[in-house]
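Undergrad: Fold the following and give me the result.
(3 chains)
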Amino acid sequence: MSALRLPATRVWLVLIAAAVSSWTVSEHSTAVKVAASAVVLIAALKVRLIVMHFMELRWRPRPWRMLFELWTFGVTAIILGGYWMTEL
Amino acid sequence: MRLDAGEGVLSLTTAPANAEKDRLPGDPGVWVFITADVFVFGLFFLLFSLGRVAHSALYERSRLALNPTLGLLNTLILLTSSWFMVLAVTAAREGARRRVMRNIALAMAVGSVFAVTKIIEYSAKIHAGITMLSNEFFTYYFVFTGIHFLHYIIGMVVLMICFHKAKTQPIDGNYVVWIESSGCYWHMVDLLWVVLFPMLYLLRAA
Amino acid sequence: MGNISEFKYWRFCAWNGPVFMFVFIAFWGLMGHNIPPWNPETPAAVVANWFRADANLIRTGMVMGMTFAVCYCVWGLAIGRVMGKIVGKDSLLVDLQVWGAGLTVVPLLVSTSFWLAGAYRPAALPDEILQLLYDWAWLLIDLAYSVTTVQLFAAGVAFLQDKRQVPLVPKWLAWYGIWVGFMFVAECLMPFFKTGAFARDGILNFWIEFSIWFVWAPLLTIYILKAITRLEQEARV
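TA: Numbering: from 1, shown residues only, chains lettered A, B, ... in the order given. Down below sits the predicted model:
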């Protein structure tokens, strides 16, 4: 079975694209605050993809899925919150 | 393969053929390890964020000394290595020994580059006179990426064990549990870096 | 196996664990001003004056701490017996756990003796010497972590091999113990920092490191005691 046709490959391509775009956005964007926030949100999305698809939590018991979703949300909120608080 | 039922419009993957909905992939005990680790790192992220609020000028000044390109490279390396592990687990579920071994080997080969870039990065800093005692930002930078690096090393050892087992033991149910557990641990190493990278390298102050 | 009444000794030894924990929290921890320890940037004069003002309280705390330090080893021996029923009593893992528990007594005994020494005739000693005694004790307690890590790893690995339908000690607890053993490595940072999360009173190197161990020990004791009861019943049959 060719690796290129596997669904996991689609996820990997999305992850790579996200990583590169967040680096691009942060380094070459003028709207700095928005760019930095976008970067963190992209990271959150990537984490979710890894947890749900690579770790396969998407098809697993609900409590674990919820725990990791909460973690992702919490960590994103902490980092974004910390970032925006300094800009005030 | 079963298709997952109505989990949203964008369905990137389908449920793996042997996925049992009532249990976690791999050994459930490994998830204790993974969960504990991610929560400790969550605390690290909190410490960093609080520090950044208190000393934003210092953090920004220090951040500029980091190399985001190397950081990006590290991210791409770990993501790709993780992908190979996903392929290895799929192969294991199908009992395909050679494909398992090939994918683990690729995961390790790609993963090993992380160590090279990390050593290059750390030596550059140290040559420039920057250490974990230089200031608070660099304390967190070295300690968090350092602890992450220790996790990475453990992960590489785990992958080596997986490879060795695939070579010498049957690719049976027990092996699948092993490789699923190892894969999940490796994905954790990956996802922690996915958060560390933007947090340390990319949060540009306006 | 031998005498069925051996189990009552196993049980007694297992109870040494909670005794140790209680004594250490009450006497070493509270009386010894160790929860949390003095921040490293506290001036020597402050630490010295504490030794002088609270000398008898400290002496009492340390005397009790030193007397009961050995309970940790006794507890480890009970754990070793249960491990023996899983991996065989000749297994190296049993030895590693027992030695780990035994060697953990060393930093406990020695560090409490330093505090005791400081409280013995504090008026005659300069502030910096008293500070040194306090610092030295903490450096020893924190950096001796690897002897306890050996215990945690050996116990974890053994319990993971339990083939019983209902394991004597649950697998998640075995994994948790292994994780705690790894986490202790962060103590390596402690000597480099006088303030912040990695200092001896910091959120990581004090609060987290000690808490995670204090979750493992009582939980393990509960399961060890239950295991002893099960093994006793099995032996009667």
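Undergrad: And the residue of chain C closest to chain B?
TA: Of all residues in chain C, C:Trp175 sits closest to chain B, at 3.7 Å by C-beta to the nearest C-beta. Quick note: C-beta positions are derived from backbone N, CA and C, even for glycine.
Undergrad: What does the residue of chain C found nearest chain A show for phi and psi?
TA: Chain A sits closest to C:Trp172 of chain C, with a gap of 12.8 Å, by C-beta to the nearest C-beta. Main-chain dihedrals, C:Trp172, degrees, to the nearest 10: phi -60, psi -30.
Undergrad: For it, which non-adjacent residue is spatially closest?
TA: In space, and not counting its chain neighbours, C:Trp172 is closest to B:Val32: 4.7 Å by C-beta to C-beta, 6 or more residues apart in numbering or on different chains.
Undergrad: what about the strand or helix carrying the residue of chain C closest to chain B, average pLDDT?
TA: Following DSSP states H and E, one finds C:Trp175 within helix C:171-183. Average pLDDT, helix C:171-183: 95.
Undergrad: same thing with stretch B:67-75?
TA: 92.
Undergrad: Dump that stretch to PDB, keeping only the CA atoms.
TA: Only the C-alpha atoms of stretch B:67-75 are listed here, as PDB (Å, rounded to 0.1, in the frame of the first residue of the first chain):
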ATOM      1  CA  ASN B  67      17.700  31.000  15.300                       C
ATOM      2  CA  PRO B  68      14.100  30.400  14.100                       C
ATOM      3  CA  THR B  69      15.300  28.600  11.000                       C
ATOM      4  CA  LEU B  70      16.900  25.900  13.100                       C
ATOM      5  CA  GLY B  71      13.800  25.800  15.200                       C
ATOM      6  CA  LEU B  72      11.700  25.300  12.100                       C
ATOM      7  CA  LEU B  73      14.100  22.600  10.900                       C
ATOM      8  CA  ASN B  74      13.700  20.800  14.200                       C
ATOM      9  CA  THR B  75       9.900  21.000  13.900                       C
END
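Undergrad: got a list of contacts for the helix holding C:Trp175?
TA: B:27-30, B:32-33, B:36-37, B:40, B:154, C:148-153, C:155-160, C:162, C:208-209, C:212-213, C:215-216, C:219-220, C:223 (C-beta atoms under 8 Å, 6 or more residues apart in numbering or on different chains).
Undergrad: Next to chain B, which bits of chain C? Give me the list.
TA: Contact residues, chain C versus chain B (C-beta under 8 Å from any C-beta of the partner chain): C:160, C:171-172, C:174-176, C:178-179, C:182-183, C:185-186, C:189, C:192-193, C:196-198, C:203-204, C:208, C:212.
Undergrad: For the buried ones among those residues, write the corresponding ChimeraX selection.
TA: In ChimeraX, a selection of the buried entries from the residues of chain C next to chain B looks like this (16 or more other C-beta atoms under 10 Å in any protein chain shown):
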select /C:160,171,172,174,175,176,178,179,182,183,186,189,193,196,197,198,203,204,208,212
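Undergrad: doesn't C:Met83 make contact with C:Phe159?
TA: Yes. Between C:Phe159 and C:Met83 there is a contact under C-beta atoms under 8 Å: 7.3 Å.
Undergrad: Make a PyMOL selection of the buried ones in the contacts of helix C:171-183.
TA: Here is the PyMOL command that selects the buried residues among these (16+ other C-beta under 10 Å):
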select buried, (chain B and resi 27+28+29+30+32+33+36+37+40) or (chain C and resi 148+149+150+151+152+153+155+156+157+158+159+160+162+208+209+212+213+216+219+220+223)
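Undergrad: Point out the ones among the contacts of helix C:171-183 that are inside helices.
TA: Residues of the contacts of helix C:171-183 located in helices (DSSP state H): B:28-30, B:32-33, B:36-37, B:40, B:154, C:148-153, C:155-160, C:209, C:212-213, C:215-216, C:219-220, C:223.
Undergrad: Which strand or helix spans the residue in chain A that chain C sits nearest to?
TA: Taking C-beta to the nearest C-beta as the measure, the point where chain A comes nearest chain C is A:Trp64, at 12.8 Å. A:Trp64 is located in helix A:62-86, with elements delineated by DSSP H and E.
Undergrad: for C:Thr195, same thing?
TA: With DSSP H and E as criterion, C:Thr195 is part of no helix or strand.
Undergrad: With adjacent residues omitted, what lies nearest to it?
TA: Looking at C:Thr195 with C-beta to C-beta, 6+ apart, the closest residue is C:Glu41, at 5.7 Å.
Undergrad: from memory that neighbour sits against C:Lys194, does it?
TA: Yes. In this structure, C:Glu41 is within contact of C:Lys194 by C-beta under 8 Å, at 5.2 Å.
Undergrad: Have a look at those two and say which one is more surrounded.
TA: Using other C-beta atoms under 10 Å in any protein chain shown as the criterion, C:Glu41 and C:Lys194 rank with C:Lys194 on top: 15 against 9.
Undergrad: wait, what's in contact with that one?
TA: If you count contacts by C-beta under 8 Å, 6+ apart, then C:Lys194 has C:39-41 around it.
Undergrad: As a markdown table, the residues you listed with pLDDT and secondary structure would be great.
TA: As requested, the contacts of C:Lys194 are arranged in a markdown table below (pLDDT from 0 to 100; DSSP: H, G, I helix; E, B strand; the rest coil):
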| residue | pLDDT | secondary structure |
| --- | --- | --- |
| C:Asn39 | 96 | coil |
| C:Pro40 | 97 | coil |
| C:Glu41 | 97 | coil |
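Undergrad: Report pLDDT for A:Leu49.
TA: 86.
Undergrad: Helix or strand for it, just tell me which one.
TA: helix A:32-49.
Undergrad: Which elements pack onto that helix?
TA: Where contact means 3 or more C-beta pairs under 8 Å, 6 or more residues apart in numbering or on different chains; DSSP states H and E, helix A:32-49 is packed against helix A:7-28, helix A:62-86, helix B:173-197.
Undergrad: What parts of chain B come near chain C?
TA: Proximity of chain B to chain C (C-beta under 8 Å from any C-beta) is limited to residues B:27-30, B:32-33, B:36-37, B:40, B:43, B:47, B:132-133, B:136, B:139, B:143, B:147, B:150, B:154.
Undergrad: now do 7 Å
TA: B:28-30, B:32-33, B:36, B:47, B:133, B:139, B:143, B:147 (C-beta under 7 Å from any C-beta of the partner chain).
Undergrad: Tell me which two of those sit farthest apart.
TA: B:Pro28 and B:Leu133 (40.6 Å; C-beta to C-beta).
Undergrad: List the residues that contact the residue of chain A closest to chain C.
TA: When contacts are counted by C-beta atoms under 7 Å, 6 or more residues apart in numbering or on different chains, A:Trp64 is found next to A:57, B:24.
Undergrad: What separation do you get for it and C:Ala119?
TA: 50 Å (C-beta to C-beta, to the nearest Å).
Undergrad: Likewise for B:Leu76?
TA: Noted for B:Leu76: a distance of 58 Å to C:Ala119, by C-beta to C-beta.
Undergrad: likewise B:Met199?
TA: Counting by C-beta to C-beta, the gap from B:Met199 to C:Ala119 is 45 Å.
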